[in-house]
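>>> This is a predicted model, with the sequence first.
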Amino acid sequence: MRMPGYRKLDFLMSMTISQTTVKQILTRCTGYLTEVSSHSLQPYRGCSYGNALCGVGCYVQHNPFVTKGREWGSFLEVRTNAAEVYLQTAPREKKWAREKLGAFSIFCSSSTDPFVPQEKKSGITKSLLEAMLEFPPDRLILQTHSAGVLDVLNQLQLLNDQTELRVHVSIESDCERLPELPPPAATVSKRLEVCGILKNAGVRVVVTVAPLLPIKNPVTFFEAIKQCADGVVIDHFIGG
């Protein structure tokens, strides 16, 4: 049933999906991300989850450089040559990062989800992870709301032996639905299950409660997180 006051949730329809090539795929971090990593990496521009719960609070919808006047959640640009460009530019960026910051670290992604539904067909994120197996960063953080991360579990296990790897899974609330808000990209129970599978596979997992939304049973919620994750980050609109 559609919740009043919000657009219909539809990840695959009413979207403009295009293919594009890029000259750069590794962006040197600025702002708050400098405390997290040396580089950010976006396999896509835009996000299919813009109409989901996470899209409501996503700061990227206010970035005109990304949206170019388009409604957030209405477009997705598939960066078809991302893996090729990574292998071309990573040696230079690794040298710069180690000289300036001490480590070559990648945050994927700060303005899209690396496991949007279209990833199953395009495989851009998967190809990037395979490229990283050829030339690994010192540290890699994957941030997602999606159970699609399990599709690359084999690559993650291999990368886990070559780099300091963390998978961040966003779970904003313990409520499957909140009044006046659209549903999440994946159910709370499914994301907790994903965390457990990743952790059991030896991958370090951090749950990001971001943005912090109403939690009905906080003790039960955080106990569930404790069982399936190695850490938790709580982020809200007021103080970060």
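Cool, the structure landed. Numbers count the residues shown, from 1 in each chain.

>>> three-state assignment of Q155?
Following DSSP: H, G, I helix; E, B strand; the rest coil, the label given to Q155 is helix.

>>> Now it. Nearest residue, chain neighbours left out?
With C-beta to C-beta, 6 or more residues apart in numbering as the criterion, Q155 has its nearest non-adjacent residue at 4.2 Å, and that residue is L129. No exception for glycine: its C-beta is placed from N, CA and C like everyone else's.

>>> again with K100
For K100, ignoring the flanking residues on the chain, the nearest one in space by C-beta to C-beta, 6+ apart is S38 at 7.7 Å.

>>> Isn't the one you found up against L101?
Yes. The pair formed by S38 and L101 meets the contact definition of C-beta atoms under 8 Å, at 5.0 Å.

>>> Figure out the helix or strand that R191 lives in.
Element membership of R191, judged by DSSP states H and E, is helix 188-200.

>>> Which elements pack onto that helix?
Using 3 or more C-beta pairs under 8 Å, 6 or more residues apart in numbering; DSSP states H and E as the contact definition, the elements that helix 188-200 packs against are helix 153-160, strand 164-170, strand 204-209, helix 218-228.

>>> ok, and for it, which residues are buried?
Of the residues in helix 188-200, V188, R191, L192, V194, C195, I197, L198, K199 count as buried by neighbour count, 16 or more other C-beta atoms under 10 Å.

>>> show me where the chain has strands.
With DSSP state E applied, the chain shows strands at 16-20, 26-28, 39-41, 44-46, 75-79, 105-108, 139-144, 164-170, 204-209, 231-234, listed in chain order.
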